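**Q** Got a sequence here, can you build the structure:
(one chain, ligands or ions: 1)
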Amino acid sequence: MSTMLLFPTPVYYTKFTGDQRERSLIDAEIENALAVTELSNPWHCNVKTSFRYDDNKVNVLDKMLLLRNYIREHVEKFIGNDLKFSIKESWLNVTDSKGYQDFHIHTNTISGCFYHRVPKDSGDLILRSDSTGLKLWKPYQYQDSSITPEDSSLILFPSFLEHAVRPNLSDKARISLAFNLDLN
Ligand SMILES: [Fe+2]
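**A** Purely as a prediction, here's the structure:
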């Protein structure tokens with residue numbers, strides 16, 4: 001007799017794999033976008049974002065050729081290069097000191113985040129296993145895993161995976177670019 005814990009969840013994380021010149025150019029793409037992009041606070045958790053809840057999906061990666069290609073290259077490593085996919089929406093997040101994000105899921109198929117600037121103690125990413133139907137059943141309610149991202153790192157995960165960002169305990173802004181993909 002045994003209780004089996006089945007079905008691992010694929011999560012892809014990579015530090016920056018390009019060279020210093022490519023990294024500087026990608027940094028410039030993000031900085032240029034930040035300079036011209038209007039940010040608001042739709043989530044009431046102290047994150048300034050270019051995300052919008054309307055039918056005109058924001059896609060800041062449209063104007064970032066290098067970062068878009070960098071992300072696409074790693075998505076292919078994650079899901080295999082025989083599947084076609086589209087970046088459906090992408091948005092900038094600026095989290096000032098004490099900002100955080102509550103647990104949430106994304107729509108679409110695969111979601112991800114490129115971490116532009118993540119100062120020390122500016123908030124780990126918390127990934128939570130599916131707890132649907134297990135809320136009263138310890139110890140299988142859920143499990144949390146945390147990732148401490150670094151500058152120019154990238155994470156990819158299934159959009160159904162619940163996640164949150166711990167409070168930014170540094171005095172500097174945490175800047176990231178998140179996105180949702182769908183298979184074609
Ligand atoms: Fe998210």
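
**Q** could you list every residue that touches residue 156?
**A** 11, 12, 13, 74, 75, 78, 110, 111, 112 (CB atoms under 8 Å, 6 or more residues apart in numbering). No exception for glycine: its C-beta is placed from N, CA and C like everyone else's.

**Q** just checking, the third one touches residue 147?
**A** Same thing as residue 13. Yes. Between residue 13 and residue 147 there is a contact under CB atoms under 8 Å: 6.1 Å.

**Q** residue contacts, the residue nearest the centre of the chain?
**A** The chain has residue 113 as the residue nearest its centroid, 2.6 Å off, counting by CA atoms, centre = their mean. The contact partners of residue 113, taken as CB under 8 Å, 6+ apart, are 125, 149, 154, 155, 176, 177, 178, 179.

**Q** for residue 90, phi and psi?
**A** Phi and psi for residue 90, reported as degrees, to the nearest 10, are phi -150, psi 140.

**Q** pretty sure it is touching residue 176, no?
**A** No. Applying CB under 8 Å, one finds residue 90 not in contact with residue 176, separated by 10.8 Å.

**Q** separation between residue 12 and residue 104?
**A** Separation of residue 12 from residue 104 (CB to CB, to the nearest Å): 20 Å.

**Q** which of these two has more neighbours?
**A** Using other CB atoms under 10 Å, the more surrounded residue of residue 12 and residue 104 is residue 12, with 15 against 11.

**Q** Which single helix of this protein contains the most residues?
**A** helix 20-36 (DSSP state H).

**Q** Spatially, what comes nearest to residue 103 if we skip its sequence neighbours?
**A** Take residue 103 and drop its neighbours on the chain: the residue closest to it by CB to CB, 6 or more residues apart in numbering is residue 164, 4.3 Å away.
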